[in-house]
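Colleague: Everything below, folded, please.
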Amino acid sequence: YQRRVHGMSFVEDGDRLKLQTPMPSSVDDVQAHTKPTDGFLVPLSANVYNITFHSFKIRDLDKNTILFEVDSEKEPDGGENISDVATHPTVDEDPEVSLRTIRYTFPRHFLKSKTIGTKLVFSVGETPAPNFRMIERHYFCDKLIKSFDFTFGFCIPNSTNSWEAIYDLPQLTEEEEDEIVRNPFQTKSDSFYFVDGVLVMHNKAEYAYNG
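Modeller: As a prediction, the model looks like this:
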């Protein structure tokens, strides 16, 4: 007997559900979500292109200031501790859940930013990755507030690439800001990564604005 739960296929094995080959989610599927997914739509093993993230930077483009930066290949410079801004939640679940979920704690003034830019440095393994695309869905209290869609294009094998994206953020009223600040980590996002229309990676983030 087969069941589909959160986009993944399971078969009954006695009293337990056993993960089977995941059912792929399409671009249309993920764009139809109006609240965060309950789980991950693909396992880590779906990343057959060996896409690896090396560094990530967030900038306020209007003020030309760096809001967050992490680089796996650089030693900390003694400035702001990364763990003060970004952490992985500790949960009594499969470690894969914690590994694929990050929590950001930003100051309230982040909510007043109009445009932010991100820079992601990533590498690809031995298999070319055509039409690399990211769809990012942002929610507050299980309500969709913004969706972003970025296409990098073709990634050659064994390459290291830099992907820059610009986010035009929704402008909030003081009342909306207050509500978001009062509800830390109820602002969430799902990041879906596709190669040639096939979902290969799915990560999650949660945000607080009381840092």
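
Colleague: switch to C-alpha atoms for all contacts and neighbour counts from now on
Modeller: Fine.

Colleague: Where does Glu176 sit: helix, strand or coil?
Modeller: Following DSSP: H, G, I helix; E, B strand; the rest coil, we place Glu176 in the helix state.

Colleague: What distance do you get for it to Phe140?
Modeller: 10 Å (C-alpha to C-alpha, to the nearest Å).

Colleague: I figured Phe140 hits Pro184, correct?
Modeller: No. Using C-alpha atoms under 8 Å as the test, Phe140 is too far from Pro184 to be in contact (10.0 Å).

Colleague: Among these two, which residue is more densely surrounded?
Modeller: Applying other C-alpha atoms under 10 Å to Phe140 and Pro184 shows that Phe140 carries more neighbours, namely 20 against 17.

Colleague: How confident was the prediction at Phe40?
Modeller: On the pLDDT scale, Phe40 is placed at 91.

Colleague: ugh, typo on my part, it should be Asp77
Modeller: Per-residue confidence (pLDDT) for Asp77: 52.

Colleague: Please apply the same query to Arg16.
Modeller: Reported pLDDT for Arg16: 52.

Colleague: Please apply the same query to Thr87.
Modeller: 83.

Colleague: Near the closest residue to it other than its chain neighbours, how many other residues are there?
Modeller: Nearest non-adjacent residue to Thr87, counting by C-alpha to C-alpha, 6 or more residues apart in numbering: Arg103, 5.2 Å away. In terms of burial, Arg103 registers 19 neighbours under the definition other C-alpha under 10 Å.

Colleague: can I assume Arg103 is in contact with Pro184?
Modeller: No. Taking C-alpha under 8 Å as the definition, Arg103 is not a contact partner of Pro184, at 10.0 Å.

Colleague: who touches both of those two?
Modeller: Here Arg103 and Pro184 have Tyr207, Ala208 as joint contacts, going by C-alpha atoms under 8 Å, 6 or more residues apart in numbering.

Colleague: where does the chain dip in pLDDT?
Modeller: Scanning the chain for pLDDT under 70 picks out 1-24, 75-84, 90-94.

Colleague: Mind doing that once more with 90?
Modeller: 1-25, 38-39, 67-68, 70-99, 170-171, 211 (pLDDT under 90).

Colleague: where do the helices sit along it?
Modeller: With helices called from DSSP state H, the chain shows them at 27-31, 95-99, 174-182.

Colleague: Mean neighbour count and distance to Phe56 for those - can I get that in JSON lines?
Modeller: JSON lines is the format used below for the helices of the chain (neighbours: other C-alpha atoms under 10 Å; distance: least, C-alpha to C-alpha, whole Å):
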{"stretch": "helix 27-31", "mean neighbour count": "14", "distance to Phe56": "24"}
{"stretch": "helix 95-99", "mean neighbour count": "14", "distance to Phe56": "16"}
{"stretch": "helix 174-182", "mean neighbour count": "14", "distance to Phe56": "24"}
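
Colleague: how much space between Cys155 and Thr118?
Modeller: Applying C-alpha to C-alpha to Cys155 and Thr118 gives a distance of 19 Å.
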